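Student: got a structure for you, letters missing:
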Ligand code: OAD
């Protein structure tokens, strides 16, 4: 990890009263979760054993047509999340809420680890595996484990198809989360950090691009290359927990 990049990132935070973190699966990699893409990623094999692309298996239309197939892969993701604990990257982003006048996290992760680390100012734009709801009636339930479920699960009240509160491929983003996102972005942040995401989706790359154009300092923490790598002011090419810990220490703050 480049010492200069760590010091530059810390210097940006030292000058900031507000910070916006954008996170993806890479942030949870050091908690033992697989990423979606890249080495060992869930999408590495191009098709599932059923012969469909994983993006099709995990789509809203597949949930309607073949709920058992879609649920099989939803369960795999949920299983990977179970028992995982937040790491230093999650904890530092949560601690930032106390250290800055304003700190928010926009995450694509459905694993609940930001919340478990104590983040309150959190926008879970792809939902959360911990909530199940009926596609036919108003039944909903918070769950801690999919272990006891019959796959695909049906509603105890109306027998309708039950689904998790996550955004599947081809589905719209949750309106509530979008409202909070645009409300917060309407008041510019002093710094924007992109951490552990491949930044493939426009709503994930856009806040970085916009900040860059507005002259707001941007930092990417990622051992790999992404569409925002060439755009950011500072690039820390290292794993999230290790990199954020060094940045936090360089800032003179105690590790949470
Ligand atoms: P990806 O799997 O696409 O990307 C993970 C990123 O994390 C890559 O850029 C890696 O280089 C980086 N990475 C790997 N290990 C890391 C580490 N220890 N520290 C920091 N970075 C690391 O994950 P996302 O960008 O989150 O959506 O993927 C976005 C969305 O694609 C997911 O939310 C999911 C998927 O389709 C839905 O399910 C709707």
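Tutor: Received the coordinates, thanks. The structure presented is a predicted model; accordingly, all values stated were derived computationally and were not measured.

Student: pLDDT wise, what is residue 87 at?
Tutor: The predicted structure scores residue 87 at 98 on the pLDDT scale.

Student: how far away is it from residue 79?
Tutor: Residue 87 is 19 Å from residue 79, where distance means Cβ to Cβ, to the nearest Å. C-betas here are computed from N, CA, C, even on glycine.

Student: neighbour-wise, which of these two wins?
Tutor: The neighbour comparison of residue 87 against residue 79 (other Cβ atoms under 10 Å) goes to residue 87, with 23 against 13.

Student: following the lengthiest helix in the chain, which helix or strand shows up next?
Tutor: Determined from DSSP state H, the single longest helix within the chain is helix 67-81. Next helix or strand after helix 67-81 toward the C-terminus (DSSP states H and E): helix 88-99.

Student: and the following helix or strand past that following helix with helix 88-99, angle?
Tutor: Counting by DSSP H and E, the next helix or strand C-terminal to helix 88-99 is strand 102-107. Here the directions of strand 102-107 and helix 88-99 differ by 150 degrees (axes from the mean of the first three to the mean of the last three Cα atoms, to 10 degrees).

Student: A strand includes residue 151, no?
Tutor: No. Looking at residue 151 with DSSP: H, G, I helix; E, B strand; the rest coil, it is coil, so not inside a strand.

Student: could you list the low-confidence segments of this structure?
Tutor: Residue ranges of the chain with pLDDT under 70: 38-46.

Student: show me where it has its helices.
Tutor: 3-14, 26-29, 54-57, 60-65, 67-81, 88-99, 113-117, 175-186, 202-213, 240-250.

Student: buried residues in the third one?
Tutor: Pointing back at helix 54-57 there. Judged by neighbour count using 16 or more other Cβ atoms under 10 Å, the buried positions of helix 54-57 are 54, 56, 57.

Student: quick one: that helix near the ligand?
Tutor: No. Using Cβ under 6 Å from any ligand atom, we find that helix 54-57 stays clear of the ligand, coming within 7.0 Å at best.

Student: got the residues of the chain near the ligand?
Tutor: Counting by Cβ under 6 Å from any ligand atom, the residues of the chain that sit close to the ligand are 24-26, 29-30, 35-38, 41, 108, 126, 167, 196-198, 222-224, 226, 239-240.

Student: can you select the buried ones among those residues for me in ChimeraX?
Tutor: One line in ChimeraX is enough to select the buried ones among these; burial here means 16+ other Cβ under 10 Å:
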select :24,25,26,29,30,35,36,37,38,108,126,167,196,197,198,222,223,226,239,240
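
Student: which of the residues of the chain next to the ligand fall in strands?
Tutor: The strands, defined by DSSP state E, take in nothing from those.

Student: so which elements touch the longest helix of the chain?
Tutor: helix 54-57, helix 60-65, strand 127-134, strand 162-166 (3 or more Cβ pairs under 8 Å, 6 or more residues apart in numbering; DSSP states H and E).

Student: so residue 24 touches residue 107, yeah?
Tutor: Yes. Contact criterion Cβ atoms under 8 Å: residue 24 and residue 107 qualify, at 7.4 Å.

Student: neighbours of the residue nearest to residue 145 when sequence neighbours are not counted, how many?
Tutor: Spatial nearest neighbour of residue 145, excluding adjacent residues (Cβ to Cβ, 6 or more residues apart in numbering): residue 82 at 6.2 Å. As a burial measure, residue 82 scores 12 neighbours (other Cβ under 10 Å).

Student: do residue 193 as well
Tutor: Neighbour count for residue 193, taken as other Cβ under 10 Å: 30.

Student: please apply the same query to residue 160.
Tutor: The burial count for residue 160: 14, using other Cβ under 10 Å.

Student: the closest residue to it other than its chain neighbours: neighbour count?
Tutor: With sequence-adjacent residues excluded and distances taken as Cβ to Cβ, 6+ apart, residue 160 is closest to residue 136, at 2.8 Å. Using other Cβ under 10 Å, residue 136 has 14 neighbouring residues.
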